[in-house]
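S.K.: task: produce atomic coordinates for the following.
(chains A, B and C)
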Amino acid sequence: MYNYFLAVFLMMAGFYVVIAQGNLVKKVIGLGMFQTSVFILYISIGKVNGGQAPILTEGVTSYSNPLPHVLMLTAIVVGVATTAVGLALVIRIHEAYGSVEEHDIQQRDNAEDALLEGEL
Amino acid sequence: MNPSTILQLIVVIPLLAAAGILAARRRPNLREGITLLCGAVLFALVVALATTVSWENPPVVALAQPFPGLSLALSPEPLGVLFALVASFLWPVTMIYAIGYMRKHGEINQTRFYTAFALAIASTLGIAMSANLLTLFVFYELLTLTTFPLVTHSGTAEAKRAGRLYMGILMGTSVAFLLLAVIWTFKLSGTLDFTRGGIFPLGTDRGVLGVLLLLFVFGTGKAALMPFHRWLPAAMVAPTPVSALLHAVAVVKAGVFTILKVAVYIFGMDTLGTLTSADFLAYLAAFTIIASSVLAMTKDNLKARLAYSTISQLSYIVLGAMLATSAGVMGGSMHIVMHAFGKITLFFCAGAILVATHRTKVSELDGLGRRMPFTMAAFTIGALSIVGLPPMGGTWSKWMLVQGTLDAGAWVLMAALLVSSLLNIAYLLSIPVRGFFARPVACVQDHGNPDEIKEAPLPCLLAIGITAIGCVLLFFFPDGVHALAEEIVR
Amino acid sequence: MSALDHLPILVVLIPLLTAVICPLFQNGRTAWKLALGAAWSSFAIACMLLHQVLNSGTVRYQLGGWEPPWGIEYRIDVLGGFVLLIVTSIAALVLSYARRSVEDEIRPGRISFFYAAFLLAFSGLAGITVTGDAFNLFVFLEISSLSSYALISAGRDRRSLNAAFQYLIMGSIGATFILIGIGFLYMMTGTLNMDDLAVRLPEVADTRTVRAGFAFLTVGFGLKLALFPLHLWLPNAYAYAPSVVTAFLAATATKVAVYALLRFLLGIFGVGFSLMSMPFDMILIGLGLAGILSASLVAVFQQNVKRMLAYSSVAQIGYIALGIGLASHTGISAAVMHLFNHALMKGALFMSLGAVAYRVGAMHISDFAGLGRRMPFTMAAIAIAGLSLIGIPGTAGFISKWFLVLGTLEQGWWPLAVLILLGSFLALIYVGRILEAAYFGTPKENSAVREAPLSMLIPIWILVIANVYFGLNTELTVGLATQATTDLFEALP
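M.R.: You can find the predicted model right below:
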């Protein structure tokens, strides 16, 4: 059971980082934690008490459910892709704004807006 | 031609006119020729329809079917034909007037003007001929859209403001209230066809019907019942032909026409007579009649004064519908015709004065009767018709309306009608009286000697003559109008 | 098996494989031709599939020949076929329109990649509508989402990067929530096949796990479909994305998310569980209404036209949510109908804005001044699609609004009907602002703006004409929406 609590703890921690951090890289890290917690959740679902790895072997009758593992393989790929796209975006943002702090970016956008209004 | 072909042509011809006007945009004479020709053909068709159609078994032409069991369809019916006759007769007349007015005034975007005008007429005839409430609603919205470019024609800041108010009130009330009422009606009765005696099933909750009636009447912003009347004075910023035909005849009459239709063919007079909200609306109409007459007196701008007069006269018709008596409905229907001829004459005169002298204020018209005797004489005829004095057509409709209030035993409403007539005399007849008998004034717009003022261009005078004579003829030969009105309440 | 039997997988595979091939060509023009071909063939397949579904009922296809519930099953019913038709038709039209707009807005070296991402997003969206497997749905959702983050970040304005990042964060949280929800359902039933889930769920419906799963799924889809108040990512994303992307996503992405929500709410949990035994219907109505009014109100005050219409999209999603929340046949068919009608109008509007961006280059409302004369056809398209957005009779928007109001009246909630129509009034104001600027504004001096090229105008006008056509002849839309809703209701155990 404890691994469910662990999953929830990781999830909340990740979620908190996403919300509370102003640094975009840290946000991506938080998102990664958040997603990983779900992988643990799924894998815990697949656990069968006393079950072995689902490989046909002599003398073993009780296997863990393999399906969640397979699903998580896909989900991990999705997670990696998300992180990759996220980090790529952060790099582009850094190129465009020269900062990865949400606050700075906001300020620069506002400054640009004020400039535009001035022109109009 | 059989009636159903005519019915289709009636809506198609103004559309063809619009296409022709666009095609001939580089040649003004051809453009205006097309408009006049189409107008004449249209009127002939409506007359042909009115004389050949059988009211017992009218043809129905379905155009499209947007909902299961509910189609867009056209079908002639006495009230609609009456309205169509007025609109299609006055369209070419107004176009004759417009030719003189627009050219003399050097207006911009004349092609857009004539095109939008033709489209507005198509929508008006669609309203008049609609076979059910959905069709009526569709054309009602189209009329708002097609008249919008006419209201904002000049493109000035004032015109834009007027356009916003126009759209806001007309579109807003119709989308928020009228549409709700239409859908609700459909839900309650399963049909939207105009049927004699109403369509609500027996035993429909009285309270719901009362609320529905309020939604219908307030949703019809074009009827300019207070408190949704502000758009009409604002729309006076449009060129005078627009104010004359659309904001004295087509658009506003489309509003009261809708209310009459709903009263007679959706609720049915018997049901309507039992609703408390009908009484409330009748009194509200009476209030609008008096209040806008009083407001009209305070206006120095001639067109604004006429606009408030229109608001007041429209409420006569709403009042007639809400009385739910035969005489009331007949009076209201006849008033659509009578008021149309009277008020369009007055607007034509106002426009003629504008193009001839550039004067817009009532106080500047003193003594103008000597320079523009024809225009002022026509103004007198129109004003007399609005007041309801013989020998003008307005006499009959007012007579019927008063009769209707008597039948309903509503003394207060009758008193309101009579007081309003007195107010009419005060604010309308005073203008020609001062025009003929007061000492001429000079004003800044004259650019020189006020004695050099001449009558308006010939096409304008021609149109004024036609409508003024119409006012008189309607007094002596009201039989056709009366017969159609009688057919409505039969 | 003939090729015809493989249609359900082909509709996804064709764009997916083309997406892989696209980046191999350096030449953007070739990539565009490939993408165009893929989109139109998907559209043709979607038409055939819908035809099949209407003639012979739900189409089922076992991926790789594995029997469900072990293998992944593709399953297309009327609702799925209908949404698939929306997605493919919009994709085909948007791609036909895209060439010049993309060449104008995307850096030359990136064009092939752009089309690849576009096709990926498209295949993901198409996949969601055809799959009958809950987890597969999640995968497709992520395929489409990840590629749309990339697409949005391709905008010219550097703010598009930030918008894409925000969307990525919100979208991934939403996706993870959906994943958790699916996990909970799997935990309780041991199956991922949607039909199987629908059969097995009622037995365990009264457990906290299922309810938690339900909550996670709803919030997750709520994020994806930008249900108020989870819509914060949408306005910026739509406003700063390239025109083509905005047109495509606005017309399809949120619609597909709504489809997925409907599929889970009604197809799996069933109306009884999701809308009746919990106050969820009321929540949907409340949020829908709040979305309609607040987003419309915000739209009224926007200065950037693209942003204005993005807020309008949030409001339109409110209408759809409200229709679902009514939990009646009329209400849900109104919602399904609005999926289609809103795709038509927003597709036309955002494509027209793209044409304006192509010729004028800016989206501030003052840039629209006098465009009514310089770009008459584009502006007329905006006018008609705008009228459809308001819900003027004779346009598609009127039809869905009619059914929505009818639905509220059936329940006797007429104040709700008044509020819905008030939303139309707000739409009138913001559409009016654009049109007023276009037709009455004085153009900036010396601007040599011309009408948009035909290659843009034709797809725009196809959608505009569709707006009018489906406002007058509703056999297809009303028929399909009613049929789809009936199926959803009848599928209940």
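
S.K.: can you give me the neighbour number for residue C:412?
M.R.: Residues lying near residue C:412 (other C-beta atoms under 10 Å in any protein chain shown) number 9. Just so you know, the C-beta spots here come from the backbone N, C-alpha and C atoms, and that holds for glycine as well.

S.K.: how many neighbouring residues does the closest residue to residue C:394 other than its chain neighbours have?
M.R.: Computed as C-beta to C-beta, 6 or more residues apart in numbering or on different chains, the closest residue to residue C:394 that is not its neighbour in sequence is residue C:471, at 5.1 Å. For residue C:471, the count of nearby residues is 27 (other C-beta under 10 Å).

S.K.: doesn't residue C:390 make contact with residue C:471?
M.R.: No: assessed by C-beta atoms under 8 Å, residue C:471 is found out of contact with residue C:390, at 12.0 Å.

S.K.: which residue ranges of chain A form helices?
M.R.: For chain A, the helices defined by DSSP state H occupy A:2-20, A:24-46, A:67-97, A:102-119.

S.K.: per-residue pLDDT of residue 4, please?
M.R.: Just so you know, I chose chain A. Per-residue pLDDT puts residue A:4 at 81.

S.K.: nope, chain C
M.R.: Predicted confidence (pLDDT) at residue C:4: the value is 71.

S.K.: also residue C:91?
M.R.: Looking at residue C:91, its pLDDT reads 91.

S.K.: okay, and it sits in which element?
M.R.: Using DSSP states H and E, residue C:91 sits within helix C:78-105.

S.K.: on that earlier part again, among the helices of chain A, single out whichever gets nearest to chain B.
M.R.: Proximity to chain B, assessed across the helices of chain A by C-beta to the nearest C-beta, is greatest for helix A:102-119 (22.7 Å).

S.K.: and the closest one, which residues are buried?
M.R.: Neighbour counts over helix A:102-119 (16 or more other C-beta atoms under 10 Å in any protein chain shown) mark A:102, A:105, A:108 as buried.

S.K.: could you do stretch C:438-452 as well?
M.R.: Using 16+ other C-beta under 10 Å as the test for burial, stretch C:438-452 gives C:438-441, C:443, C:449, C:451-452.

S.K.: including distance to residue B:19 and pLDDT, could those residues go into JSON lines?
M.R.: Output for the buried residues of stretch C:438-452, formatted as JSON lines (distance: C-beta to C-beta, whole Å; pLDDT from 0 to 100):
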{"residue": "C:438", "distance to residue B:19": "23", "pLDDT": "84"}
{"residue": "C:439", "distance to residue B:19": "21", "pLDDT": "80"}
{"residue": "C:440", "distance to residue B:19": "25", "pLDDT": "78"}
{"residue": "C:441", "distance to residue B:19": "28", "pLDDT": "75"}
{"residue": "C:443", "distance to residue B:19": "28", "pLDDT": "73"}
{"residue": "C:449", "distance to residue B:19": "27", "pLDDT": "76"}
{"residue": "C:451", "distance to residue B:19": "21", "pLDDT": "80"}
{"residue": "C:452", "distance to residue B:19": "24", "pLDDT": "79"}
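
S.K.: how close does the residue most central in space within chain A sit to residue C:223?
M.R.: Central residue of chain A (C-alpha atoms, centre = their mean): residue A:32, 2.3 Å from the mean position. Here the criterion is C-beta to C-beta, to the nearest Å. By it, residue A:32 lies 18 Å from residue C:223.

S.K.: how about the nearest residue to the residue in the stretch 51-200 of chain C that chain A sits nearest to, chain neighbours excluded?
M.R.: Here the residue of the stretch 51-200 of chain C nearest chain A is residue C:158; by C-beta to the nearest C-beta that distance is 3.9 Å. Leaving aside its chain neighbours, residue C:158 sits nearest to residue A:96 (3.9 Å; criterion: C-beta to C-beta, 6+ apart).

S.K.: pretty sure that neighbour is touching residue C:160, no?
M.R.: No: using C-beta under 8 Å, residue A:96 is not in contact with residue C:160, being 9.4 Å away.

S.K.: tell me which of the two has more neighbours.
M.R.: Neighbours per residue, other C-beta under 10 Å: of residue A:96 and residue C:160, the larger number sits with residue C:160, 24 against 16.

S.K.: list the contacts for the nearest residue to that one once chain neighbours are set aside?
M.R.: Spatially, and ignoring its direct neighbours in sequence, residue C:160 is nearest to residue C:240 (3.7 Å; C-beta to C-beta, 6+ apart). Residues near residue C:240 by C-beta atoms under 8 Å, 6 or more residues apart in numbering or on different chains: C:152, C:155, C:157, C:159-160, C:163.

S.K.: among these, who's most crowded?
M.R.: Neighbour counts for these, by other C-beta under 10 Å, peak at residue C:152, which reaches 29 neighbours.

S.K.: who touches it in this structure?
M.R.: Listed by C-beta under 8 Å, 6+ apart, the contact set of residue C:152 reads C:160, C:163-164, C:167, C:237, C:240-241, C:245, C:249.

S.K.: and the residue in the stretch 251-400 of chain C that chain B sits nearest to, its phi and psi?
M.R.: Proximity of the stretch 251-400 of chain C to chain B (C-beta to the nearest C-beta) peaks at residue C:393, 4.1 Å away. The phi and psi values for residue C:393, taken as degrees, to the nearest 10, are phi -60, psi 150.

S.K.: tell me the pLDDT of the nearest residue in space to it that is not next to it in sequence.
M.R.: Leaving aside its chain neighbours, residue C:393 sits nearest to residue B:138 (4.1 Å; criterion: C-beta to C-beta, 6+ apart). Looking at residue B:138, its pLDDT reads 89.

S.K.: and for residue A:87?
M.R.: 92.

S.K.: in this structure it contacts residue A:29, no?
M.R.: No: contact status for residue A:87 versus residue A:29: not in contact, 9.8 Å apart, counting by C-beta under 8 Å.

S.K.: for those two, indicate the residue with more neighbours.
M.R.: The neighbour count for residue A:87 versus residue A:29, taken as other C-beta under 10 Å, is higher for residue A:29 (18 against 14).

S.K.: now for that one: which residues touch it?
M.R.: Counting by C-beta under 8 Å, 6+ apart, residue A:29 has contacts residue A:17.

S.K.: same check, this time on residue B:267
M.R.: Residue B:267 is in contact with B:198, B:200, B:209, B:213, B:275, counting by C-beta under 8 Å, 6+ apart.

S.K.: the second one belongs to a helix?
M.R.: No: assessed with DSSP: H, G, I helix; E, B strand; the rest coil, residue B:200 is coil; it does not lie in a helix.

S.K.: one step back: and the residue of the stretch 251-400 of chain C closest to chain B, how far from residue A:98?
M.R.: From residue C:393 to residue A:98 the distance is 53 Å (C-beta to C-beta).

S.K.: these two - which one has more neighbours?
M.R.: Of the pair residue C:393 and residue A:98, residue C:393 is the one with more neighbours under other C-beta under 10 Å, namely 26 against 10.
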